[in-house]
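Novice: Predicted model, plus sequence, below.
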Amino acid sequence: MDAHEKLRLLADEARYDISCACGRKENRDDHRRRGPGGLWLYPASVPRGGTSVLLKTLLSSVCTNDCRYCHLRAGQDVRRCTLDPSEVARLFMNYYEQGKVFGLFLSSGVLRSPDYTMDRLLGAAHILRRRYAYRGYLHLKIIPGASDAAIEAALALASAVSLNVEAPTPSSFRLLSSTKRYEEDIVRPIRLISRLTASGGPYARVKQTTQFVVGAAEETDAQIVEAAFRLYRRWRLNRVYFSAYQRGAGDASLPGQRGGTRPEDLPAREHRLYQADWLIRKYGFEADEIPFEADGNLSLAADPKEMWARRHPGRFPINLNKADRWELLRVPGFGPVTVRRILDLRRGGGRVRRIEDLGRPGRRLREATAYVTF
Ligand code: SF4
């Protein structure tokens, strides 16, 4: 198999890992597009603003781990291959110099050991940074169980790193893998990265992200949201991503394979988690304000903000000419932009007399009228 063919296979295998700033509508697969040579390219926010496309690939699809949700786990009959660090660097630079991609997301299955794999990833990163003097975006995957030295070496070369947490609790994590240890291989390195990338720390420019797999173990949305909240507030992660479990890829022993969320509902569950995440990151909701159903999951029937409003009827209607920012942000249909518009209008001595004062009333603004007075 030549290097181009390997890259096509490995880039295709990388599609389930969404723990990077790629994809606009919350990283749904349908937003990626085919690039040159049939490669998948991923829309991503560019640090300078706007969007461009990212080449996302594995260095190897060989793996010694047994993650039961992943079709690349050891023992599966899959066509596997490995690129040399120099090959991946050369292929990427080829696309980069033609202006076809703006950055690289580089992950890998686990070859031999976590640190052996980290050496290969770091080798590719070194070649890019030193031989090609590449200064652009480079997202490196941290392999679970990597040593502190390998993690620090990755931080010295990368623009962003991610280590996927996958599950919100040690017990749900144990259902997913017997070869990875939750505390030692996942939680401890995330804490180390968080310390090293803290503002004032040696690698403060490097972003850290992670991903949960949704619906594979017996985890509830409440557990995922609580864990994500901790990752944001205590460990200052830049983003937490959610990836709906792909049943076709999984092992029959997984709870998500036998029951739990119906396969057709998994994308909706993932979407609701992104909405809850948005409420926490952009609207200042606390984790215990997110409304869950009796089974610990988010309602699939309505978005979490709408559910919050239904459960707090005493807080509505809200007077748009008196309410503060916290109250306005809780109105279903209002986002931060609309709330800023209301507050700017009031600050300038104006009043909101009808919903049209806030812009052309689309579905979202019309929805808000049920919760407000003027
Ligand atoms: S480490 Fe786990 S998720 Fe990653 S490729 Fe190997 S089996 Fe798949």
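Specialist: That came in fine, so what should we check first? Numbers count the residues shown, from 1 in each chain.
Novice: isn't there a strand covering residue 164?
Specialist: No: judged by DSSP: H, G, I helix; E, B strand; the rest coil, residue 164 forms no part of a strand; its state is coil.
Novice: phi, psi of it?
Specialist: Backbone geometry at residue 164, expressed as degrees, to the nearest 10, gives phi -80, psi 120.
Novice: what residues are up against the residue nearest to it when sequence neighbours are not counted?
Specialist: Of all residues not flanking residue 164 in the chain, residue 211 sits nearest, at 4.5 Å (Cβ to Cβ, 6 or more residues apart in numbering). C-betas here are computed from N, CA, C, even on glycine. Under the criterion of Cβ atoms under 8 Å, 6 or more residues apart in numbering, the neighbours of residue 211 are 17, 18, 19, 162, 164, 165, 166, 240, 241, 242, 243.
Novice: Out of the residues you listed, show me where the pLDDT dips lowest.
Specialist: Among those, residue 19 has the lowest pLDDT, at 58.
Novice: Can you give me the pLDDT of the residue nearest to residue 164?
Specialist: Listed pLDDT for residue 211 reads 95.
Novice: Make TSV from the contacts of residue 211 and add neighbour count to it.
Specialist: Output for the contacts of residue 211, formatted as TSV (neighbours: other Cβ atoms under 10 Å):
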residue	neighbour count
17	20
18	26
19	26
162	27
164	23
165	23
166	25
240	24
241	24
242	25
243	24
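Novice: Now tabulate those residues in CSV and tack on distance to the ligand.
Specialist: Listed next are those as CSV, based on distance: Cβ to the nearest ligand atom, whole Å:
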residue, distance to the ligand
17, 8
18, 13
19, 11
162, 12
164, 7
165, 12
166, 8
240, 17
241, 14
242, 15
243, 11
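Novice: with these in mind, which one is nearest to residue 251?
Specialist: Proximity to residue 251 was ranked across the contacts of residue 211 by Cβ to Cβ; first place goes to residue 166, at 14.2 Å.
Novice: Could you find the closest non-adjacent residue to the closest one?
Specialist: Excluding the flanking residues, the one nearest residue 166 by Cβ to Cβ, 6+ apart is residue 213, at 5.1 Å.
Novice: That neighbour belongs to a helix, doesn't it?
Specialist: No: counting by three-state DSSP, residue 213 falls outside a helix, being strand.
Novice: Specify the beta-bridge partners of it.
Specialist: Per DSSP bridges, the residues bridged to residue 213 are residue 243.
Novice: Isn't it up against residue 168?
Specialist: No: with contact defined as Cβ atoms under 8 Å, residue 213 does not count as touching residue 168 (10.4 Å).
Novice: If you count surrounding residues, which of these two has more?
Specialist: More crowded of residue 213 and residue 168, by other Cβ atoms under 10 Å: residue 213, with 26 against 22.
Novice: residues of stretch 183-203 that come out buried?
Specialist: Under the neighbour-count criterion of 16 or more other Cβ atoms under 10 Å, stretch 183-203 has 185, 186, 187, 189, 190, 192, 193, 194, 196, 197, 203 buried.
Novice: Return the distance of that stretch from the chain's centre.
Specialist: Its chain's C-alpha centre and that of stretch 183-203 lie 18 Å apart, by Cα atoms, centre = their mean, to the nearest Å.
Novice: can you list the residues of the protein near the ligand?
Specialist: For the chain, the contact set with the ligand under Cβ under 6 Å from any ligand atom comprises 63, 65, 67, 70, 72, 73, 109, 110.
Novice: what about the fifth one, distance to residue 265?
Specialist: Remark: distance between residue 72 and residue 265 (Cβ to Cβ, to the nearest Å) = 25 Å.
Novice: how deep is whatever residue of the stretch 101-250 of the chain ends up closest to the ligand tucked in, by neighbour count?
Specialist: The nearest approach of the stretch 101-250 of the chain to the ligand comes at residue 109, 3.9 Å away (Cβ to the nearest ligand atom). Neighbours of residue 109 under the rule other Cβ under 10 Å: 24.
Novice: List the contacts of it.
Specialist: Residue 109 sits next to 58, 60, 61, 62, 63, 64, 65, 72, 80, 117 when contact means Cβ under 8 Å, 6+ apart.
Novice: excluding its backbone neighbours, what's nearest the third one?
Specialist: In space, not counting the residues next to it along the chain, residue 61 is nearest to residue 80; the distance is 4.5 Å by Cβ to Cβ, 6+ apart.
Novice: right, and residue 357 touches residue 346 too?
Specialist: No: the criterion here is Cβ under 8 Å, and residue 357 misses it with residue 346 at 11.0 Å.
Novice: What number of residues are in the vicinity of residue 95?
Specialist: Residue 95 has 20 neighbours, counted by other Cβ under 10 Å.
Novice: for stretch 346-364, which positions count as buried?
Specialist: For stretch 346-364, a neighbour-count test (16+ other Cβ under 10 Å) marks 352, 355, 358, 361 as buried.
Novice: Can you give me the distance of the closest residue to the last one other than its chain neighbours to the ligand?
Specialist: Nearest in space to residue 361, with sequence neighbours left out and distances taken as Cβ to Cβ, 6+ apart, is residue 355 at 5.1 Å. According to Cβ to the nearest ligand atom, to the nearest Å, residue 355 stands 48 Å off from the ligand.
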